[in-house]
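Visitor: Return atomic coordinates for the entry below.
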Amino acid sequence: MSKINRRNFIEKSVLGAAAFTVIPRHVMGGNGFAAANDRVNLGYIGNGKQIYTLLNSIGECKETVAVAASDVYGKKLELFIDAANKNNANKGVDASVKGYHYYRELLERSDIDAVVIATPDHWHAQIVIDAAKAGKDIYCEKPMALTVAEGRAMVNATRKYDRVFQTGNMQRSWRDFRHAVELVRNGYIGEIKEINVSVGGPIKQCNLPTEEVPETLDWNEWVGPSLYRGFHNDLAPIVGDDKWGWWRGYRDFGGGLVTDWGAHMFDIAQWALDMDESGPVQFLPPSEPDQSHGLTMIYENGVRVNHKLWGTKDDNNGVQFIGTDGKIEVSRSFLRTFPDKKLAKADLKDSDKRVYFSDNHYQDWIDAMKKRSKPISDVETGHRTASVCNLTNIAYELQRPLLWNPEKEKFVGDSGADMMLDRAYRGKWDYTDF
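Guide: Below you'll find the predicted structure:
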């Protein structure tokens, strides 16, 4: 932050956003669509393990070109730049990727149309809002936000600066999940009474010892707006250690598997219940303080969603819909329907209601950028799903029933719980300034 004057950044960002909004370069082809020879220049922020999946997937969209990258770990930045340059070369694109230690320097480039954000969760809100101010469209990994307040601010900034935002809840672009949702919405298993969501446990306090910071990692900038703590390899694995960073399990950096996998599976429950702009009204945590499962959330229509490990271990990270006339189970490995097993592969009737269709989450984002429309997992959708996950963590931590008002996004009669909807930012970072 000290390397870039905040006032200058904001002034440049506002001017850039205004110019980009009036005539975005990638829609100059007319009728809101890109010209055949046009391209979408991308900057990739956060160059850890997940970014390579995004580079390859987004890189398959013919319009996309990687032109910039940013990470506070120098070695990871170098490795990603090399991979991104090879990706461009394989596409026959004459473009080289420039690296930045500070992401705000990347955002100052007027030739960048959009950014792909794959940092740890504690950075999402600040970077998204800065990107929106700078006039960039946004792909942000799930879970979208670390707190409910951050998520609402991300929605507001995206709307204020007229940005196209896709959340990384890519299961919405998978056939089996879409088919399960349409079966539920069209009453193929009767009235939905209960939904069981099988994902791992809630957030924990970080008790890891401090280790020596690896070479080229700017640990203070990695911690960023969160409360400071010392480096540990589990939080940010060194180059060469091919494990997932477990920052996602600890307070101030992630939200446990409740948010990490819950952002996928609770998202499908939200979608099936047509609650993309709302959420539950009650959270009932389990009776014992050390339980990692057993919470129930209740929607206004009476549907109960349980955080529950149903079935066998092979059913982990899956969703089970229980209706008055049958059952549907879906995960990335299967779609099962009971008692009519044929429903899993059956075509819907012409008269059935359909949901938003996308079979490529990344091309859907690019297409939405051209049309200036909402993609399948728009910022409001991502925020509402992340809120369900974050509220679940709050209920587990407070260990008492909570009433929630999804319209006001406040707890009912519980000012103490309301204090957990946001978090303090360290130093001069401030995501609310937009």
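Visitor: Can you give me the domain assignment for the protein?
Guide: Domain assignment for the chain by automatic domain parsing gives 6-171, 172-203+257-421.
Visitor: State the mean pLDDT of the longest one.
Guide: For domain 172-203+257-421, the mean per-residue pLDDT is 97.
Visitor: Go ahead and measure how far that domain is from the middle of the chain.
Guide: In terms of C-alpha atoms, centre = their mean, to the nearest Å, the centre of domain 172-203+257-421 is set 14 Å apart from its chain centre.
Visitor: The domains of the chain: which one's closest to Glu215?
Guide: Of all the domains of the chain, domain 6-171 sits nearest to Glu215, with 7.5 Å by C-beta to C-beta. Glycine gets a C-beta too; all of them are placed from N, C-alpha and C.
Visitor: Which stretches in the stretch 151-300 of the chain count as strands?
Guide: For the stretch 151-300 of the chain, the strands defined by DSSP state E, counting those that start in this stretch cover 165-167, 192-198, 282-284, 296-298.
Visitor: which residues touch the longest one?
Guide: Contacts with strand 192-198, where a contact means C-beta atoms under 8 Å, 6 or more residues apart in numbering, come from 184, 262, 265-266, 269, 272-273, 302-311, 315-324.
Visitor: Local confidence estimate at the residue nearest the centre of the chain?
Guide: With distances taken as C-alpha atoms, centre = their mean, the residue of the chain nearest its centroid is Lys142 (2.0 Å). At Lys142, the predicted lDDT confidence score is 98.
Visitor: which one is it nearest to, not counting chain neighbours?
Guide: Residue nearest to Lys142 in three dimensions, not counting chain neighbours: Ala263, with 3.9 Å by C-beta to C-beta, 6 or more residues apart in numbering.
Visitor: Give me the three-state assignment for Gln50.
Guide: In the three-state summary, Gln50 is assigned as helix, counting by DSSP: H, G, I helix; E, B strand; the rest coil.
Visitor: any idea which element Asp418 lies in?
Guide: Using DSSP states H and E, Asp418 sits in helix 415-418.
Visitor: Equivalent analysis for His124, please.
Guide: For His124, the host element (DSSP H and E) is helix 124-133.
Visitor: following that helix, which helix or strand comes up?
Guide: strand 137-140.
Visitor: just checking, what packs against that following strand?
Guide: If you count contacts as 3 or more C-beta pairs under 8 Å, 6 or more residues apart in numbering; DSSP states H and E, strand 137-140 packs onto strand 114-117, helix 124-133, strand 165-167, helix 361-371.
Visitor: Mind putting these into TSV with mean neighbour count and distance to Asn196?
Guide: Shown next, in TSV, are the helices and strands packed on strand 137-140 (neighbours: other C-beta atoms under 10 Å; distance: least, C-beta to C-beta, whole Å):
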stretch	mean neighbour count	distance to Asn196
strand 114-117	25	31
helix 124-133	26	28
strand 165-167	30	23
helix 361-371	21	25
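Visitor: Pull out the buried positions in stretch 273-280.
Guide: The neighbour-count check on stretch 273-280 (16 or more other C-beta atoms under 10 Å) flags 273, 275-276, 279-280 as buried.
Visitor: Closest one of the residues you listed to Phe165?
Guide: Phe165 lies nearest to Asp276 out of the buried residues of stretch 273-280, by C-beta to C-beta, at 13.7 Å.
Visitor: Report the separation between that closest one and Glu407.
Guide: Applying C-beta to C-beta, to the nearest Å, the value for Asp276 to Glu407 is 14 Å.
Visitor: Would you mark the buried spots in stretch 158-168?
Guide: By 16+ other C-beta under 10 Å, the buried positions in stretch 158-168 come out as 158, 161-168.
Visitor: what's the offset of the helix holding His124 from the middle of its chain?
Guide: Computed by C-alpha atoms, centre = their mean, the chain-centroid distance of helix 124-133 equals 13 Å.
Visitor: Who are the packing partners of that helix?
Guide: Applying 3+ C-beta pairs under 8 Å, 6+ apart, one finds that helix 124-133 makes contact with helix 6-22, helix 103-107, strand 114-117, strand 137-140, helix 148-160.
Visitor: how about the domains of the chain in JSON lines, adding distance to Ile238?
Guide: Shown next, in JSON lines, are these (distance: least, C-beta to C-beta, whole Å):
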{"stretch": "domain 6-171", "distance to Ile238": "8"}
{"stretch": "domain 172-203+257-421", "distance to Ile238": "21"}
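Visitor: nearest to Asp433, of those domains?
Guide: With respect to Asp433, and counting by C-beta to C-beta, the nearest of the domains of the chain is domain 6-171 at 7.5 Å.
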